[in-house]
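# could you work out the structure for the sequence below:
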Amino acid sequence: MAEFGQVDLTSCDREPIHLPGSIQPHGCLVTCSVSDFVVLRHSANAPDMLGQEGLTLGSNLIELFGADIIHDIRNGLTLSVTQRRPVFLLNQLLSGNRQFDLAVHIVNGEVVIECEPASPTPRATKFLTQLHG
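Here you go, the predicted structure:
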């Protein structure tokens with residue numbers, strides 16, 4: 001048994017994964033190709049959550065998300081690769097006037113975009129705005 005203030009991780013490898021291949025229900029996930037942003041996979045809840053009924057495998061994220069958001073994602077990927085961690089793009093306005101916080105990074109040659117509805121409480125505005133004015 002670990003003493004107070006210490007963590008005992010010995011049982012973590014035996015913890016059951018309740019829903020293998022799924023994500024937490026408060027968010028969704030989309031992956032696409034680095035070169036042309038063609039959707040390679042997405043979570044089952046992504047089309048509904050993002051208000052993108054046209055989101056299917058093979059669809060183009062540029063058409064669905066818009067050029068401005070894809071531009072910010074491309075810039076975020078540059079930072080993600082150099083910093084070796086996800087970049088967060090906050091308060092991104094997607095279709096249907098829905099705002100999302102995005103975590104963007106590359107895994108095994110695919111762009112991974114994790115999406116959560118933006119918090120209703122004020123937070124930092126769009127992360128990359130600071131980079132290009």
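# give me the residue at the spatial middle of the chain.
residue 114 (1.6 Å; CA atoms, centre = their mean).
# which SS class is it?
Of the three states, residue 114 takes strand under DSSP: H, G, I helix; E, B strand; the rest coil.
# so which residues of this protein form strands?
28-33, 39-42, 87-94, 98-107, 110-117 (DSSP state E).
# CSV for those strands, including mean pLDDT?
Converted to CSV, those look like this (pLDDT from 0 to 100):
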stretch, mean pLDDT
strand 28-33, 95
strand 39-42, 96
strand 87-94, 90
strand 98-107, 92
strand 110-117, 94
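# ok, which of these comes nearest residue 60?
strand 39-42 (7.5 Å; CB to CB). C-beta: built from backbone N, CA, C; applies to glycine.
# can you give me the buried ones in that closest one?
Buried residues in strand 39-42, counted by 16 or more other CB atoms under 10 Å: 39, 42.
# same check, this time on stretch 62-70
62, 64-65, 69-70.
# quick check: mean pLDDT across that stretch?
What stretch 62-70 shows for mean pLDDT is 90.
# one step back: in a markdown table, list the buried residues of stretch 62-70 along with distance to residue 54.
Formatted as a markdown table, those follow (distance: CB to CB, whole Å):
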| residue | distance to residue 54 |
| --- | --- |
| 62 | 12 |
| 64 | 6 |
| 65 | 11 |
| 69 | 15 |
| 70 | 15 |
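# so can I have CSV of the strands of the chain showing distance to residue 51?
Formatted as CSV, the strands of the chain follow (distance: least, CB to CB, whole Å):
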stretch, distance to residue 51
strand 28-33, 11
strand 39-42, 13
strand 87-94, 6
strand 98-107, 5
strand 110-117, 11
